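Engineer: sequence below, structure please.
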Amino acid sequence: MTGTMIALPLLIGLIALALAFDFLNGLHDAANSIATVVSTRLLSPVQAVLFAAFFNFAAYFTFGLKVAETVGKGIIDKDVVTPQVIFGALVGAMVWNVVTWWKGIPSSSSHALVGGLVGAGVTHAGTHAIVWKGLGQTTTAIVASPVLGLAVAMALMLATSWLFMRSTAGAAEGIFRKLHLLSSAAYSLGHGANDAQKTMGIISVLLYSQGMLGGKFHVPGWVVISCYVAMGIGTLSGGWKIIETMGTRITKLSHQQGFCASAAGSIMLFCASSLGIPVSTTHTITGCVVGVGAARRASAVRWGVAHRVVVAWLITIPASAAVGALFYWIASLF
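Structural biologist: Below you'll find the model as predicted:
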């Protein structure tokens, strides 16, 4: 690939690669939205992935496209993006996703994509290519989303414990089962609204770089539908290793805790999506799961597992940026 304009087959190939990333995102992040319902045996694993895939796709009819616009033009200047940059960004993110999926580490597909985009973009055009406001919001969310999720989840645990303190255990359990299913649906909806839109932004900025959007950046309707379908299929394929880490190894969950974790995560994702901030669904739900465990007692959380997850968060952007830069360089040779 040389120059700015590429042949149609190569363009189609890059779009297919982006949709493959979206599929991998659904596969990798399926655990985020269904870990609590699987670990509490509210749904079977197969029921849970079908449930999550449905609500991932339902986000198409519910949310705008602010997150897609942020990724497409708010991380790297859209006017310096080339097909080689997109190739490097996608491969950098996908390589990191595969490694962490294989190891069962719930790292962030979102930040892997951001890292790959930054690494490839800076290698191509230097640090002036970075849109610091958008990148700053995204990196701030690395810390803010799990911390806020933890705090909201703990608050919900305290509030629901107080509200149901006079109820019998059986009555409370029946109510929390229903609430847990509802909150899990909301979280899957938020996951589809935030995560699928990142790939929409990547494909749209690629089309923009090829002069196929009439000189004005926007997200075509066919791109929106394609990304939601790809993510839904990926979610249907499951992510069982990460489900085990998220749903059982960090802390054991009750239906009350599952409801509070999913509800807190939904609140975070809905707020972030409305503001156009591409947060990590993995970081968010991990913070929420830790929060509900710690609300019971600090010893209920397996802090060693949580520590390993945090380390993966911290190295995701640098690692995927390095791989993105490498594959940009490789692509620029052709």
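Engineer: what's the pLDDT at residue 240?
Structural biologist: pLDDT, residue 240: 54.
Engineer: helices of the stretch 101-250 of the chain, start to end?
Structural biologist: Ranges of helices in the stretch 101-250 of the chain, per DSSP state H, counting those that start in this stretch, are 109-125, 132-163, 169-209, 221-236, 240-244.
Engineer: do you know which of the ones you listed lies nearest residue 281?
Structural biologist: Distance to residue 281, taken as CB to CB, is lowest for helix 169-209 among these, at 5.0 Å. Glycine gets a C-beta too; all of them are placed from N, C-alpha and C.
Engineer: what is that closest one packed up against?
Structural biologist: For helix 169-209, the packing partners by 3 or more CB pairs under 8 Å, 6 or more residues apart in numbering; DSSP states H and E come out as helix 8-39, helix 45-58, helix 66-73, helix 83-103, helix 109-125, helix 221-236, helix 255-275, helix 281-296.
Engineer: can you lay out the ones you listed as JSON lines showing mean neighbour count, mean pLDDT and distance to residue 325?
Structural biologist: Rendered in JSON lines, the data for these read as follows (neighbours: other CB atoms under 10 Å; pLDDT from 0 to 100; distance: least, CB to CB, whole Å):
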{"stretch": "helix 8-39", "mean neighbour count": "24", "mean pLDDT": "82", "distance to residue 325": "17"}
{"stretch": "helix 45-58", "mean neighbour count": "20", "mean pLDDT": "82", "distance to residue 325": "31"}
{"stretch": "helix 66-73", "mean neighbour count": "24", "mean pLDDT": "92", "distance to residue 325": "18"}
{"stretch": "helix 83-103", "mean neighbour count": "24", "mean pLDDT": "86", "distance to residue 325": "7"}
{"stretch": "helix 109-125", "mean neighbour count": "28", "mean pLDDT": "91", "distance to residue 325": "4"}
{"stretch": "helix 221-236", "mean neighbour count": "21", "mean pLDDT": "88", "distance to residue 325": "25"}
{"stretch": "helix 255-275", "mean neighbour count": "25", "mean pLDDT": "91", "distance to residue 325": "27"}
{"stretch": "helix 281-296", "mean neighbour count": "28", "mean pLDDT": "82", "distance to residue 325": "23"}
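Engineer: next, format these as JSON lines and append distance to residue 192.
Structural biologist: Converted to JSON lines, the helices and strands packed on helix 169-209 look like this (distance: least, CB to CB, whole Å):
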{"stretch": "helix 8-39", "distance to residue 192": "9"}
{"stretch": "helix 45-58", "distance to residue 192": "4"}
{"stretch": "helix 66-73", "distance to residue 192": "11"}
{"stretch": "helix 83-103", "distance to residue 192": "18"}
{"stretch": "helix 109-125", "distance to residue 192": "13"}
{"stretch": "helix 221-236", "distance to residue 192": "7"}
{"stretch": "helix 255-275", "distance to residue 192": "9"}
{"stretch": "helix 281-296", "distance to residue 192": "10"}
